[in-house]
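Colleague: take this sequence and fold it.
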Amino acid sequence: MYLPASFRQDDLAALHQQIAEARLATVISQGPEGLQASHLPLLLVAEEGEFGTLYGHFARANPHWRALADGQEALVIFNGPEAYVSPSWYPAKAEHGKVVPTWNYVAVHAYGRAELFDDAERLLTLVGRLSDQHEAGRAQPWAVSDAPRDYIDGMLRAIVGFALPIQRLEGKWKLGQNRSTADQAGVREGLAASLEARDLELAARMNGPH
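Modeller: Predicted coordinates:
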């Protein structure tokens, strides 16, 4: 990922928070048939001060997991809020007109080599934790134990799990840090006036620490 110094995010807590908020990740790796990508919900387990390990699972019918079996490095992308930035929002436009459109966004890239597993109990623990993570906050959260065990056992045979210890972690918070304070304020105001949820989310992010 292209990482100008002004946009680089090195705060580990912020990177972990963005991974948690992204919900759906893109897992990319190189295999015998070329590049492959899968969109998967992942679980991050990390001790304080560590990059941590990502856990997830593929459908057994998805050939992508076989590409990870040989130890090839995988890239996992977690996208955050993003929005088009109009030059009309910059006060600098009225001053000299030397402005162009851009795109502001937040993204995290994690790199590592996956370990595959298909042990039923380990898979059961993984799908249980993933379900608990995404059911949290619901009035009546669903749990894996709500389904018949023989049904769940059949579902577990149809997936392959993986653990991916993160060896490298990159974050990019492109929020206009290279613009003047006035131009940044203009962008926040422009995004905040939008009816698009992603624009509003990015405006809120620009109000916080970069």
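Colleague: how close does the most centrally placed residue in the chain get to A22?
Modeller: Closest residue to the average C-alpha location of the chain: F78 at 1.7 Å, with Cα atoms, centre = their mean. Separation of F78 from A22 (Cβ to Cβ, to the nearest Å) stands at 4 Å. The C-beta positions use only the backbone N, C-alpha and C, and glycine is treated the same way.
Colleague: can you check H109 too?
Modeller: For H109 relative to A22 (Cβ to Cβ), the value is 11 Å.
Colleague: overlap of the contact sets of the two?
Modeller: By Cβ atoms under 8 Å, 6 or more residues apart in numbering, H109 and A22 have these common neighbours: F78.
Colleague: what about this protein, any weak spots by pLDDT?
Modeller: 208-210 (pLDDT under 70).
Colleague: where do the helices sit along it?
Modeller: Ranges of helices in the chain, per DSSP state H, are 12-22, 64-68, 91-95, 120-135, 149-156, 181-192, 197-207.
Colleague: and of the ones you listed, who's closest to I28?
Modeller: Of all the helices of the chain, helix 64-68 sits nearest to I28, with 9.4 Å by Cβ to Cβ.
Colleague: residues in contact with that closest one?
Modeller: 27, 29-33, 36-38, 58, 74, 113-114, 116, 160, 162.
Colleague: same thing but at 10 Å, please
Modeller: Residues outside helix 64-68 that contact it (Cβ atoms under 10 Å, 6 or more residues apart in numbering) are 27-38, 40, 57-60, 74, 113-116, 118, 159-162, 164.
Colleague: what does stretch 141-159 give?
Modeller: In contact with stretch 141-159 (Cβ under 10 Å, 6+ apart) are residues 56-62, 65, 118-132, 134-135, 140.
Colleague: among those, which ones are buried?
Modeller: G56, H57, F58, W65, L123, L124, L126, V127, L130, S131 (16 or more other Cβ atoms under 10 Å).
Colleague: wouldn't V45 be in contact with R129 here?
Modeller: Yes. Assessed by Cβ atoms under 10 Å, V45 is found in contact with R129 at 8.6 Å.
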